[in-house]
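>>> Sequence and predicted structure, then a few things I'm wondering about:
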Amino acid sequence: MSKRDKRRRRRSLIDDEAPLERPARSRERQVRVLFVAVEGAATEPDYLIHLNHEFGDGGEGGDARHPFQIHPISDRNGLLPKQAVAKAAEKAREGEEAWVLFDRDGADRDGDIREALAAAADVQVDVCLSHPSFDLWLLLHFQPFSGAQSGRSRNVVDKLRAAGGAEAFKDYDKRNDKGIKGRRRDALRGRETAAVANARALVSACEHGGCKAGKAHTGQIDRRPSGESPTKPGQWSARSGHAPECDPIKRDPSTDVWRLLVSLGIV
């Protein structure tokens, strides 16, 4: 068994629900600390914990990356997009990053999403918006996807259940089971590069025409000191690679979660 396999085995024994502590700072390899607020109570927190366990130590040798630790922020009753932005900004201290993951879902959320995007620009919280839902990001691990969904996830979930290599997801979202643990977590492992490539392709295929994945910002956020002029929402939203004038509500389908993985050096 290789050293990496041994590390994976040790990480798999860690209680997924164990609270995360802020790491001690090191001169040699300072750990990146990210507070990531999500609207979901199961899927997204499980996925972020998976990233911690699988990649957070930074690796060794030629595969070495900057070590990181993600602190998921969630609520068992869920968080609206604007609430998620506020929670992330509240938790992240100076030198720590604040991110949010939320979905477009249906048209009844559009007003809150627009307010959340404006608030995120003001406090410099990085946004990963998925349209129609985070389920699209999971599906992109197994296959490309295209076609507007108008905020509905049923087609995405059906394709995820039937995708080659995704047998662990055949009962996903049945009986309210949307967790990403055990066999489902294992099924995602090693497919990160494909997921990022498929998500980037959706940016460049956006019907707006001015959107290019190559324009996306994937570097570490240098959050603006308080008191400076706020960033315009369109400019902040353009960190996704979409044009500043491209309406986020109309980026159907799309998901910005790939930027988090690239920023962390996973892909």
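Cool, got the structure.
>>> C-alpha only now, for contacts and for neighbours.
Noted.
>>> what residues does stretch 197-208 touch?
137, 140-141, 143-146, 211-213, 241-243, 246, 251-256, 258 (C-alpha atoms under 8 Å, 6 or more residues apart in numbering).
>>> Let's see that with 6 Å instead.
140, 144, 211-213, 254 (C-alpha atoms under 6 Å, 6 or more residues apart in numbering).
>>> Mind checking which of those are in strands?
residue 254 (DSSP state E).
>>> What subset of the contacts of stretch 197-208 is buried?
140, 211-213, 254 (16 or more other C-alpha atoms under 10 Å).
>>> For those residues, name the two members farthest from one another.
140 and 211 (19.2 Å; C-alpha to C-alpha).
>>> from the contacts of stretch 197-208, which two are the most distant?
Most distant of those, by C-alpha to C-alpha, are 140 and 211, 19.2 Å apart.
>>> ok but residue 33 is inside a strand, no?
Yes. Assessed with DSSP: H, G, I helix; E, B strand; the rest coil, residue 33 lies in a strand.
>>> quick one: contacts for it?
68-69, 96 are the contacts of residue 33 under C-alpha under 6 Å, 6+ apart.
>>> hmm, try it at 10 Å
Residues in contact with residue 33 (C-alpha atoms under 10 Å, 6 or more residues apart in numbering) are 22-23, 67-71, 92-93, 95-98.
>>> State the helix or strand in which residue 128 lies.
Secondary structure from DSSP states H and E places residue 128 in strand 126-131.
>>> Report the backbone C-alpha coordinates of that strand in CSV.
What follows is strand 126-131, C-alpha atoms only, in CSV (Å, rounded to 0.1, in the frame of the first residue of the first chain):
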residue,chain,number,x,y,z
ASP,A,126,-16.4,34.5,-3.8
VAL,A,127,-19.5,32.9,-5.3
CYS,A,128,-20.0,29.5,-6.9
LEU,A,129,-23.4,29.6,-8.4
SER,A,130,-24.9,26.4,-9.9
HIS,A,131,-27.7,26.6,-12.4
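>>> Would you map the helices across the stretch 1-150 of the chain?
Counting by DSSP state H, counting those that start in this stretch, the stretch 1-150 of the chain has helices at residues 3-12, 43-55, 81-91, 110-123, 134-139.
>>> would you turn those helices into JSON lines with mean pLDDT?
Putting the helices of the stretch 1-150 of the chain into JSON lines (pLDDT from 0 to 100) gives the following:
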{"stretch": "helix 3-12", "mean pLDDT": "43"}
{"stretch": "helix 43-55", "mean pLDDT": "97"}
{"stretch": "helix 81-91", "mean pLDDT": "97"}
{"stretch": "helix 110-123", "mean pLDDT": "95"}
{"stretch": "helix 134-139", "mean pLDDT": "98"}
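>>> how about the helices in the stretch 151-267 of the chain?
Going by DSSP H, counting those that start in this stretch, the stretch 151-267 of the chain shows helices at 154-162, 182-188, 192-204, 233-237, 257-263.
>>> In terms of mean pLDDT, which of these ranks lowest?
When these are ranked by mean pLDDT, helix 233-237 comes last with a mean of 91.
>>> what's the offset of it from the middle of its chain?
In terms of C-alpha atoms, centre = their mean, to the nearest Å, the centre of helix 233-237 is found 18 Å from the chain centre.
>>> ditto for stretch 170-188
Counting by C-alpha atoms, centre = their mean, stretch 170-188 comes out at 17 Å from the chain centroid.
>>> Give me the distance between the two termini of it.
14 Å (C-alpha to C-alpha, to the nearest Å).
>>> List the buried residues in it.
170-173, 178-181, 184-185, 187-188.
>>> now these as a markdown table including distance to residue 37?
Below are the buried residues of stretch 170-188 laid out as a markdown table (distance: C-alpha to C-alpha, whole Å):
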| residue | distance to residue 37 |
| --- | --- |
| 170 | 27 |
| 171 | 26 |
| 172 | 23 |
| 173 | 21 |
| 178 | 18 |
| 179 | 17 |
| 180 | 17 |
| 181 | 19 |
| 184 | 22 |
| 185 | 20 |
| 187 | 24 |
| 188 | 21 |
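>>> gap between the nearest residue to residue 212 once chain neighbours are set aside and residue 146?
Take residue 212 and drop its neighbours on the chain: the residue closest to it by C-alpha to C-alpha, 6 or more residues apart in numbering is residue 204, 4.5 Å away. The gap separating residue 204 from residue 146 is 12 Å, by C-alpha to C-alpha.
>>> This completes my enquiry, with thanks.
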